[in-house]
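In: Need a 3D model of the sequence below.
(chains A and B)
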Protein chains: 2
Amino acid sequence: MKLTILGTSAAVPTVKRGLTSQVLTVENRSYLIDCGEGTQLQMQRFGVARGKIRQIFISHLHGDHVFGLPGLLTSFALNGRKEPLDLFGPIGISRYIISILEATTAFLTYQLTIYEHETTDSKIIFRDHLLEVSTIPLVHRVPCAGFLFQENPKQRHIIPEKIVEFQIPFHKINGIKNGANFVAENGQVIDNQALTLEPSVSKSFAFVSDTSFSEAIIPQISGVNLLYHEATFLTEHEKEAILTGHSTAAQAAEIANRANVEKLVIGHFSARYSDLLPNLLEAQNVFNQTILGEDGLEILI
Amino acid sequence: MKLTILGTSAAVPTVKRGLTSQVLTVENRSYLIDCGEGTQLQMQRFGVARGKIRQIFISHLHGDHVFGLPGLLTSFALNGRKEPLDLFGPIGISRYIISILEATTAFLTYQLTIYEHETTDSKIIFRDHLLEVSTIPLVHRVPCAGFLFQENPKQRHIIPEKIVEFQIPFHKINGIKNGANFVAENGQVIDNQALTLEPSVSKSFAFVSDTSFSEAIIPQISGVNLLYHEATFLTEHEKEAILTGHSTAAQAAEIANRANVEKLVIGHFSARYSDLLPNLLEAQNVFNQTILGEDGLEILI
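Out: Next up is the predicted model:
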């Protein structure tokens, strides 16, 4: 799993920081999360392969998280995209997209399917051969949900020498990787444990933006390998965080700490901060394994 | 008059070229023309004073000319804008903007007035103390009109020595600049011609995007000081120009030539061209006074 951060500015873009958007890449697939204005350009800038994207997940319908969608969807079409695309977002996203496509007489060359979800309870909204995505209910000024990406359980590793030793035919290997025993030609049963090693650990990533400090999310994101948590303000501006439904760097770190996550990356910084070292230090003071989100940053999970 | 070009790419943005948007500045006012995705960022990049903008003119409702509007309008509000804003565009722009503002629960801190116009006939759609704006009907795949900006007639220049010689009181000066004669205390009538010099010439700028080659616009833009004409393709791709309702560099130059304009600036280049020298040369071959549009280019008119 690899996370690429495309934008780290809150509300308004700056010349240095784009608006919220991230790409999670797993093997040959990429999953786009949120899509502020300028996202298609950030993708070009940071070399994101757009053809790998089959699903887009939108946390909420504030402009700084969705104003890049119309441009991205129509640019896909202008480039002749054929692969279908799924768009997941809160109720209202369908009307938002359709009214824009209609008003601008946009023509799509691919099948776009829009799925709307409630943001009040956690639900599994997507599954493919690689992972499962469930919503994380957040507390913001409008309906908002983050997303938990959990890789599917992986296959066991077959020991190469055993294939030779027991002359295991090729068509049996997948079954053995999935836990089956092997019955040799002479009827001898070889236990799976003797043929395979433990599978690689399945990784998880939680995307939490935008939200007020919310302890309710802790059980759901407990122990994830990487947590992205918005950190719009410093503690000295906590009043504004409360007023606008956002979090401070210290609060993001407290959530990470109490959820016992492996790593935290913070972002969605108010444009008032030009130097972000104080924001990083404030978070690290609470949770040492904190990384500062930067446009173009890639994090291997 | 000063024109600042914010983007020169057609359809899709590239890392080097933003989407169509231009700012015309006259004294203390700026007029924004078209607003592709990323326009607010280009304004920051090229130091455009956003507070000077009171009017926005939109040529047509294709995404590459309007997808930057929602972000710009809401960023104005996030920055606490109080000055009213007028938005002019073809029929449908109102529904486009309102549906987006509603879907994203955007709140404006200023008065936004949206004026829709037909694009089939030329009409004066705006006048202020500096200039007059009329539509230029264009030929495109959707209703589309360019804009002709004409500075108002200027005041005559009063000759400073004459103020002293005839002891002209301060409150008479504006009238004399507007052509009035001066009646001295002794009843002597001084003819305006003896007191003033010819006014500065009023300048004009025509914005022509997007359009197929259209001779019909020539009379209206005849003799303008600066013509911006789209030049999406080279002549070698003329078939695509015809299919998509666009012009070639040579066609833009032919319009400039036949309209006897002072200068031509070309833009709206297909993303297929990375080096634009051939595009410039193709136009200059027909109309020598051609400038290549570039992001951030400022042209004094």
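
In: can you map out the helices along chain A?
Out: Along chain A, counting by DSSP state H, helices occupy A:39-45, A:63-66, A:69-78, A:93-103, A:160-165, A:173-177, A:192-195, A:218-221, A:238-244, A:249-258, A:277-286.

In: does any part of the longest one sit near chain B?
Out: Yes: contact between helix A:93-103 and chain B is present through A:95-96, A:99-100, A:103 (criterion: C-beta under 8 Å from any C-beta of the partner chain). In short, each C-beta sits where N, CA and C put it, glycine included.

In: Could you measure from the residue of chain A positioned farthest from its centre over to A:F166?
Out: Most distant from the centre of chain A: A:N186, at 49.2 Å, with distances by C-alpha atoms, centre = their mean. According to C-beta to C-beta, to the nearest Å, A:N186 and A:F166 sit 10 Å apart.

In: how many neighbours does the closest residue to chain B within the stretch 101-250 of chain A have?
Out: Closest residue of the stretch 101-250 of chain A to chain B, C-beta to the nearest C-beta: A:A103 (3.8 Å). The tally of other residues near A:A103 (other C-beta atoms under 10 Å in any protein chain shown) stands at 20.

In: Enumerate every residue touching the nearest residue to it once chain neighbours are set aside.
Out: Nearest residue to A:A103, sequence neighbours excluded (C-beta to C-beta, 6 or more residues apart in numbering or on different chains): B:Y96, at 3.8 Å. B:Y96 makes contact with A:99-100, A:103-104, B:61, B:66, according to C-beta atoms under 8 Å, 6 or more residues apart in numbering or on different chains.

In: which residues touch the closest residue to A:Y115 other than its chain neighbours?
Out: Nearest residue to A:Y115, sequence neighbours excluded (C-beta to C-beta, 6+ apart): A:F88, at 4.9 Å. Applying C-beta under 8 Å, 6+ apart to A:F88 gives the contacts A:55-58, A:114-117, A:125-126, A:133.

In: Please apply the same query to A:S222.
Out: Here A:S222 is in contact with A:259-261 (C-beta under 8 Å, 6+ apart).

In: just A:R54 next, same as before
Out: A:29-31, A:83-86.

In: Identify the residue spatially nearest to A:A194, adjacent ones excluded.
Out: Leaving aside its sequence neighbours, A:A194 is closest to A:K162 (7.2 Å, by C-beta to C-beta, 6+ apart).

In: go on, A:L130?
Out: Nearest residue to A:L130, sequence neighbours excluded (C-beta to C-beta, 6+ apart): A:V26, at 4.8 Å.

In: what's the neighbour count on that neighbour?
Out: Neighbour tally, A:V26, other C-beta under 10 Å: 20.

In: Quick one: residues contacting A:R127.
Out: A:V133.

In: out of the contacts of A:S222, which one sits closest to A:S214?
Out: Nearest to A:S214 out of the contacts of A:S222 is A:A259 (C-beta to C-beta; 11.3 Å).

In: So what's the residue count around the closest residue in space to A:N279 that isn't next to it in sequence?
Out: Of all residues not flanking A:N279 in the chain, A:A249 sits nearest, at 4.7 Å (C-beta to C-beta, 6+ apart). Using other C-beta under 10 Å, the number of residues around A:A249 comes to 32.

In: could you list every residue that touches A:A249?
Out: Contacts here follow C-beta under 8 Å, 6+ apart; on that basis A:A249 touches A:231, A:233-235, A:266, A:279-280, A:282-283.

In: try A:H129
Out: Counted by C-beta under 8 Å, 6+ apart, A:H129 has contacts A:N152.

In: got a pLDDT number for it?
Out: We note a pLDDT of 95 for A:H129 in this prediction.

In: Ramachandran angles for it?
Out: With angles defined as degrees, to the nearest 10, A:H129 sits at phi -70, psi -10.

In: Any idea which residue of the stretch 151-300 of chain A lies closest to chain B?
Out: A:A271 (8.9 Å).

In: Quick check, that residue in contact with A:G18.
Out: No: using C-beta atoms under 8 Å, A:A271 makes no contact with A:G18, being 11.5 Å away.

In: tell me, what's touching the two both at once?
Out: With C-beta under 8 Å, 6+ apart, A:A271 and A:G18 have common neighbours A:S9.

In: A:G71: neighbouring residues, count only.
Out: 26.

In: Thought A:M43 was touching it, still the case?
Out: No: counting by C-beta under 8 Å, A:G71 does not reach A:M43; the two are 10.8 Å apart.

In: For A:E185, give me the pLDDT.
Out: pLDDT, A:E185: 87.

In: Flag the shaky bits of the stretch 101-250 of chain A, pLDDT-wise.
Out: Nowhere does the stretch 101-250 of chain A drop to pLDDT under 70.

In: which parts of the stretch 151-300 of chain A sit against chain B?
Out: Contact residues, the stretch 151-300 of chain A versus chain B (C-beta under 8 Å from any C-beta): none.

In: ok, A:P13 to chain B distance?
Out: 5 Å (C-beta to the nearest C-beta, to the nearest Å).

In: Could you measure from that residue over to B:M43?
Out: To B:M43, A:P13 is 11 Å away according to C-beta to C-beta.

In: Give me the more crowded residue out of A:A271 and A:G18.
Out: In terms of neighbours (other C-beta under 10 Å), A:G18 is the more surrounded of A:A271 and A:G18; the figures are 27 against 16.

In: so where do the strands sit in the stretch 51-200 of chain A?
Out: Ranges of strands within the stretch 51-200 of chain A are A:53-57, A:85-90, A:112-117, A:124-127, A:131-137, A:145-151, A:157-158, A:182-183, A:189-190, A:196-197, based on DSSP state E, counting those that start in this stretch.

In: Pull out the buried positions in the fourth one.
Out: The neighbour-count criterion (16 or more other C-beta atoms under 10 Å in any protein chain shown) identifies A:125-126 as the buried residues of strand A:124-127.

In: what residues are up against A:N152?
Out: Counted by C-beta under 8 Å, 6+ apart, A:N152 has contacts A:129-132, A:202.

In: tell me which of the residues you listed is nearest to A:F170?
Out: A:H129 (20.6 Å).

In: what about A:T113, how many residues close to it?
Out: Neighbours of A:T113 using other C-beta under 10 Å come to 11.

In: Please apply the same query to the one 4 residues further on.
Out: Residues within reach of A:H117, counting by other C-beta under 10 Å, total 20.

In: Who are the contact partners of the nearest residue to it once chain neighbours are set aside?
Out: Nearest residue to A:H117 in three dimensions, chain neighbours excluded: A:I125, at 5.3 Å (C-beta to C-beta, 6+ apart). A:I125 sits next to A:88, A:115, A:117, A:133-135 when contact means C-beta under 8 Å, 6+ apart.
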